[in-house]
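Student: Can you look at this prediction? I've put the sequence above it.
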Amino acid sequence: MFAFYAREAWRSFHQHRGLATTGVLALTAALTLSGVFLLLAHNAEIALRLIGDRRELVAYLRDDVTSADRDTLIARLNDLYGTVTYVSKDQAWEEFKQEIGNDPLLEGVNENPLPASLRVKLRPELLNAAAMDEAAKQVKEFPEVEDVRYGAEWVQRLDELSGAIGRAAVGVGAVVGLAILFILYNTIRLSVMARRPQVEIMSRLGAADRFIATPFVLEAVAQALFASLLALGALFALQQAVASRLAAIVFFSPLWIAGFLGATVALAWFAASLALSRVLRAVGP
Amino acid sequence: MMITFEQVTKRYGERLALDSVSWGMDEGECVVFLGPSGSGKTTLLRLITHETSPSAGIVTVGTFRGSRLSRARRALLRRTLGIVYEDFRLLTDRSVFENVALAVRIAGLHADVDVTPRVEVALDEVGLSRLSAALPSELSFGEKQRAAIARAIVNRPAVVLADEPTGALEPRSAHEVLALLGRIHHEGSALLVATTREEVADAPPVAVEPQAARPGPDAPSSATAPVA
């Protein structure tokens, strides 16, 4: 039966190819525009993840902490927050000197003033401002810890930026989703109305709504799939051009591509079903 | 009773098409509604197929009873009937074969592999096998009507409804179509014909016997009798 429905969908597409082509082109334009934004959001997400991975919490130790207490603390922090690296006073001083360079002022420092520290590379679920703030407060409660730093301000900003991109993606997605619904709804509605005599005859012969609707739904899904592939092709060409001339941006991962195609097909199915449920009632008894 | 009308009235605005008609038809019967244009014959058929609802009264077709069936029930009811329209209602973009096959697919009772043999048998019965690949636009009126009859009988419905089956046909084609309908009835299907032509009512050897309990001014004439 699927072969029959597919043939009917092709017949409808072929008979109203002008209307169908207009629909596909309009969909391709909408999907390409949304794709440009998604591509930017995708690359921003990758960049933020790379920066986010570098977020760490530094616990400065008191000078009188014994190595046994320190090891116990490292084990506790490993269990609770993430991977812990111990930086001794000497290592801290060496790092400091390397960052400063051979400054003559350093020669006047007789004693190493830097404390030993534990650098905690936090688990992924703790990589946000609220969780890091809470973790910092808890770590500071340990008696071996003198102070805790984690760059609260820039972590907060990073979170805000990430949230803004996410909200913008949702907003653009909603607008484009509505545009796709509108285009497909009207394309299918016009297609059904153009075939109204045929639809009426089928209805009078006892065709169930599903029998009449399925070819139109398949047609809409095929149009959306075709438009999605055209849009992805255009976006790939754009990404290649930008990557070779302006900035090293990456294309969508296979998961994003699958999501893009899946979301478009789901929208097409929904729009066509909505259009048909209304149009078939208007076609006649 | 296969089809029953109980005190059925149908109005189109102020115009009365059927006035409290009570009538019934059994399995295997042949009924001809004879009357002038506008006498309510087509309305009666449309009430049976639920293309319109009665203003009052109850129409029962088999197990389908009531004036307002759901869309799904209405489709199911229509699949139990074979309907021949005056204007044929063939899909113009499909061949004769595809038009008849569509009715088989709509019925949904047969596997894909059984569609072709069934359609071939139906086309053979109406003598259109050699024109199975033709489009409706390539057929004469008589051939179109035979294609519509093939579509109506391909699922072997218990009852065939024919609205003015000879309306657009010249005498020879009309005679062929009537003979075909008579044969279908003879093979077991109940037949309900609505016509303005007396020769149609006379064509099957029927005894004319008014059936409507209280026909209104525009109610159809009716005749019923088995075809010999």
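Tutor: Yes, it's here.

Student: So which residues on chain B come close to chain A?
Tutor: B:49-52, B:71-72, B:74-81, B:83, B:85, B:89-93, B:102-103, B:105-108, B:112, B:151 (C-beta under 8 Å from any C-beta of the partner chain). To be clear about C-beta, it is placed using only N, CA and C from the backbone, and glycine gets the same treatment.

Student: Strands - which of the residues you listed land there?
Tutor: Of these, the ones assigned to strands by DSSP state E are B:81, B:83.

Student: ok, residue B:67 touching residue B:52?
Tutor: No. The pair residue B:67 / residue B:52 is not scored as a contact, 9.8 Å apart, by C-beta atoms under 8 Å.

Student: ChimeraX command to pick out the buried ones of the residues of chain B next to chain A?
Tutor: Buried residues within the residues of chain B next to chain A, by 16 or more other C-beta atoms under 10 Å in any protein chain shown, are selected in ChimeraX with:
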select /B:49,50,51,52,74,75,77,78,79,80,81,83,85,89,90,91,93,102,103,105,106,107,151
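
Student: Could you pick out which of the residues of chain B next to chain A are located in helices?
Tutor: Judged by DSSP state H, helices contain the following of the residues of chain B next to chain A: B:71-72, B:74-79, B:102-103, B:105-107, B:112, B:151.

Student: Check the residues you listed for the minimum pLDDT and say which it is.
Tutor: On pLDDT alone, residue B:112 ranks lowest of these, at 83.

Student: Just give the nearest non-adjacent residue to that one, would you?
Tutor: residue A:1 (6.7 Å; C-beta to C-beta, 6 or more residues apart in numbering or on different chains).

Student: so how far is residue B:115 from that neighbour?
Tutor: 10 Å (C-beta to C-beta, to the nearest Å).

Student: any idea whether the closest residue to chain B within the stretch 1-150 of chain A is helix, strand or coil?
Tutor: In the stretch 1-150 of chain A, the residue that lies nearest chain B is residue A:4 (6.0 Å; C-beta to the nearest C-beta). The three-state assignment at residue A:4 reads helix, by DSSP: H, G, I helix; E, B strand; the rest coil.

Student: Neighbours of it, how many?
Tutor: For residue A:4, the tally of surrounding residues (other C-beta atoms under 10 Å in any protein chain shown) stands at 16.

Student: Please apply the same query to residue A:106.
Tutor: For residue A:106, the tally of surrounding residues (other C-beta under 10 Å) stands at 12.

Student: element containing the residue nearest to residue A:267 when sequence neighbours are not counted, please.
Tutor: Excluding the flanking residues, the one nearest residue A:267 by C-beta to C-beta, 6+ apart is residue A:180, at 4.9 Å. Secondary structure from DSSP states H and E places residue A:180 in helix A:152-194.

Student: And the strands in the stretch 101-250 of chain A?
Tutor: A:117-122, A:145-149 (DSSP state E, counting those that start in this stretch).

Student: Check those strands for me and report the most buried one.
Tutor: strand A:117-122 (a mean of 20; mean count of other C-beta atoms under 10 Å in any protein chain shown).

Student: Report the residue spans of chain B with pLDDT below the cut-off.
Tutor: Filtered on pLDDT under 70, chain B yields the residue ranges B:1, B:203-228.

Student: how about a cut-off of 50?
Tutor: Residue ranges of chain B with pLDDT under 50: B:205-228.

Student: what about the residue nearest the centre of it, which SS state?
Tutor: Geometric centre of chain B, nearest residue: residue B:161, 1.4 Å, by C-alpha atoms, centre = their mean. In three-state terms, and counting by three-state DSSP, residue B:161 is strand.

Student: what sits against residue 193?
Tutor: You didn't say which chain, so I picked chain A. Counting by C-beta atoms under 8 Å, 6 or more residues apart in numbering or on different chains, residue A:193 touches residue A:279.

Student: oops, chain B please
Tutor: Residue B:193 neighbours (C-beta under 8 Å, 6+ apart): B:30-33, B:162, B:165, B:181, B:200-201.

Student: Kindly write the ChimeraX command that selects the buried subset of those.
Tutor: Remark: buried members of those, expressed as a ChimeraX selection using 16+ other C-beta under 10 Å:
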select /B:30,31,32,33,162,165,181,200,201
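
Student: For the residue in chain A that chain B sits nearest to, give me its contacts.
Tutor: Distances between chain A and chain B by C-beta to the nearest C-beta are smallest at residue A:206, namely 3.3 Å. Contacts for residue A:206 (C-beta under 8 Å, 6+ apart) come out as B:75-81, B:106-107.

Student: now those as JSON lines including distance to residue A:113?
Tutor: Formatted as JSON lines, the contacts of residue A:206 follow (distance: C-beta to C-beta, whole Å):
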{"residue": "B:75", "distance to residue A:113": "88"}
{"residue": "B:76", "distance to residue A:113": "90"}
{"residue": "B:77", "distance to residue A:113": "94"}
{"residue": "B:78", "distance to residue A:113": "94"}
{"residue": "B:79", "distance to residue A:113": "92"}
{"residue": "B:80", "distance to residue A:113": "97"}
{"residue": "B:81", "distance to residue A:113": "99"}
{"residue": "B:106", "distance to residue A:113": "90"}
{"residue": "B:107", "distance to residue A:113": "92"}
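
Student: Would you pull up how far the helix holding residue A:180 lies from the middle of the chain?
Tutor: 12 Å (C-alpha atoms, centre = their mean, to the nearest Å).

Student: Let me see the mean pLDDT of that helix.
Tutor: Averaged over helix A:152-194, pLDDT sits at 81.

Student: what's the angle from the helix ranked longest in chain B to strand B:159-163?
Tutor: Counting residues, the longest helix found in chain B (DSSP H) is helix B:171-186. On the basis of axes from the mean of the first three to the mean of the last three C-alpha atoms, to 10 degrees, helix B:171-186 is oriented at 160 degrees to strand B:159-163.

Student: So which other helices or strands are in contact with helix B:171-186?
Tutor: Contacts defined by 3 or more C-beta pairs under 8 Å, 6 or more residues apart in numbering or on different chains; DSSP states H and E place helix B:171-186 against helix B:141-153, strand B:159-163, strand B:190-195, helix B:198-202.
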